[in-house]
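1. pasted the sequence and its predicted model underneath.
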Amino acid sequence: MLNLLKDVIGSVFVHFMPPLPRKSYTYESDDVASKYTLRLNQGSEWQHCHRYPEKFEAFFTETKSNNRIACLYIKSCDNPKYTILFSHGGTVDLGNLCNFFYTLGMRLNCNIFSYDYSGFGESTGKPTEKNVYADAEAAWDVLINKYGVTADKVVLYGQSLGTAASIYLGNKHPVRGIILHSPFLSIARIFMPNIHGENASTRFYDSFSNVDNIGKIDTKILIIHGTRDLVVPLSHAHKLNALCKNPAPPLWVEGGGHDNLYTYEEYLLRLKKFVDFDVNNNNSK
């Protein structure tokens with residue numbers, strides 16, 4: 001009964017989150033080749049998505065919640081160091097990110113696999129906590145079973161909302177490393193901080209409770225957060241970093257906001273160091 005009540009209230013909490021982003025793409029079916037092509041809507045940037053279509057594999061997969069989610073595999077390099085399973089933030093979809101994914105993968109020498117949560121982009125359903133976790137697990141299953149990637153060759157990357165999905169997967173699978181970009185303690189601690197203090201116990205109806213789950217993970221975790229994030233206070237990231245069993249040196253981007261950390265030089269430099277060095281020295285503190 002308690003779990004049912006939590007699911008109901010968790011669905012209500014979704015309404016505290018930003019509105020779903022306008023769909024920036026469509027999946028066009030090629031019946032002859034039995035595959036999909038990602039087409040960006042007018043006004044979106046084409047760049048790599050348009051110039052190198054052979055680098056992008058678009059398809060759908062089913063989740064345990066009976067939703068159909070859009071997936072995108074980006075083959076940035078022929079001999080990748082790792083594959084990054086990227087769980088994006090709540091204000092974008094795959095079409096907004098495909099150019100970024102391709103460039104990031106080339107610079108890190110990694111392939112990237114991402115997906116849209118239920119209700120985002122071409123995915124069906126609604127982005128409840130239960131569905132987001134089911135979406136992440138479905139994406140994991142595709143990466144392992146379709147592409148044959150082993151857990152020790154996977155780096156989980158979560159941004160904002162996606163940090164909850166990455167922490168969820170990190171608790172279930174022994175991956176190589178985890179990157180948390182602009183993470184939060186829980187939904188209630190963001191939107192009702194006067195009631196749900198950062199040091200208070202989690203209420204049963206709260207959702208995406210990273211604060212209660214991050215400390216169970218043995219994998220090396222890198223946290224990146226902007227010092228001027230007006231959506232999620234920097235103090236959330238500091239507390240999560242302190243709770244990590246195996247933290248990498250975090251990156252606090254001076255002057256960085258919630259959605260612009262990609263534009264800072266130190267962002268890419270820190271990611272390169274993480275995939276080139278930190279995850280290969282993956283001993284607990």
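-> It's in.

2. for the stretch 1-150 of the chain, what spans make up the strands?
-> Using DSSP state E, counting those that start in this stretch, the strands of the stretch 1-150 of the chain run over residues 25-30, 35-40, 56-62, 68-74, 82-87, 110-115.

3. contacts for the third one?
-> Okay, so that is strand 56-62. 27, 35-38, 49, 68-75, 98, 102, 115, 122, 138-139, 141-142 (Cβ atoms under 8 Å, 6 or more residues apart in numbering). Quick note: C-beta positions are derived from backbone N, CA and C, even for glycine.

4. can you tell me which of those residues are buried?
-> Buried by 16 or more other Cβ atoms under 10 Å: 27, 36, 38, 49, 69-75, 98, 102, 115, 122, 138-139, 142, out of the contacts of strand 56-62.

5. so where's the stretch 101-250 of the chain uncertain?
-> By pLDDT under 70, the low-scoring segments of the stretch 101-250 of the chain are 193-203.

6. and the helices in it?
-> For the stretch 101-250 of the chain, the helices defined by DSSP state H, counting those that start in this stretch cover 129-145, 161-172, 187-191, 210-213, 234-243.

7. closest one to residue 91 among those?
-> For the helices of the stretch 101-250 of the chain, proximity to residue 91 was assessed by Cβ to Cβ; helix 161-172 is nearest, at 8.6 Å.

8. follow-up on the earlier one: what's the most buried one of the helices of the stretch 101-250 of the chain?
-> Ranked by mean neighbour count, the helices of the stretch 101-250 of the chain are led by helix 161-172 with a mean of 24 (mean count of other Cβ atoms under 10 Å).

9. from the contact counts, what lies against that helix?
-> strand 82-87, helix 129-145, strand 154-159, strand 177-181, helix 210-213 (3 or more Cβ pairs under 8 Å, 6 or more residues apart in numbering; DSSP states H and E).

10. can you give the contact residues for the first one?
-> Counting by Cβ under 8 Å, 6+ apart, strand 82-87 makes contact with 97, 101, 104-105, 108, 110-115, 136, 139-140, 143, 147, 149, 153-159, 161-163, 165-166, 169, 175-177, 275, 279, all of which sit outside it.

11. what does the second one give?
-> Outside of helix 129-145, the residues that reach it under the criterion Cβ under 8 Å, 6+ apart are 7, 10, 13-14, 61-65, 67, 69, 71, 83, 85, 87, 113-119, 123, 125, 149-151, 154, 161, 164-166, 168-169, 172-173, 207-208.

12. of the residues you listed, buried ones?
-> Buried among the contacts of helix 129-145 (16+ other Cβ under 10 Å): 10, 13-14, 61, 63, 65, 67, 69, 71, 83, 85, 87, 113-119, 123, 125, 149, 154, 161, 164-166, 168-169, 173, 207-208.

13. check the offset of stretch 228-244 from the chain's centre.
-> Stretch 228-244 has its C-alpha centroid displaced from the chain centroid by 17 Å (Cα atoms, centre = their mean, to the nearest Å).

14. now do that stretch: distance from first to last residue.
-> 23 Å (Cα to Cα, to the nearest Å).

15. for residue 216, list the residues it contacts.
-> 171, 245.

16. what separates it from residue 244, distance-wise?
-> To residue 244, residue 216 is 10 Å away according to Cβ to Cβ, to the nearest Å.

17. pretty sure residue 221 sits against residue 215.
-> No - counting by Cβ atoms under 8 Å, residue 215 is not a contact partner of residue 221; they are 10.3 Å apart.

18. okay, and the common contacts of these two?
-> Between them, residue 221 and residue 215 share these contacting residues under Cβ under 8 Å, 6+ apart: residue 244.

19. neighbour count winner among the two?
-> Taking neighbours as other Cβ atoms under 10 Å, residue 221 and residue 215 compare with residue 221 leading, 27 against 14.
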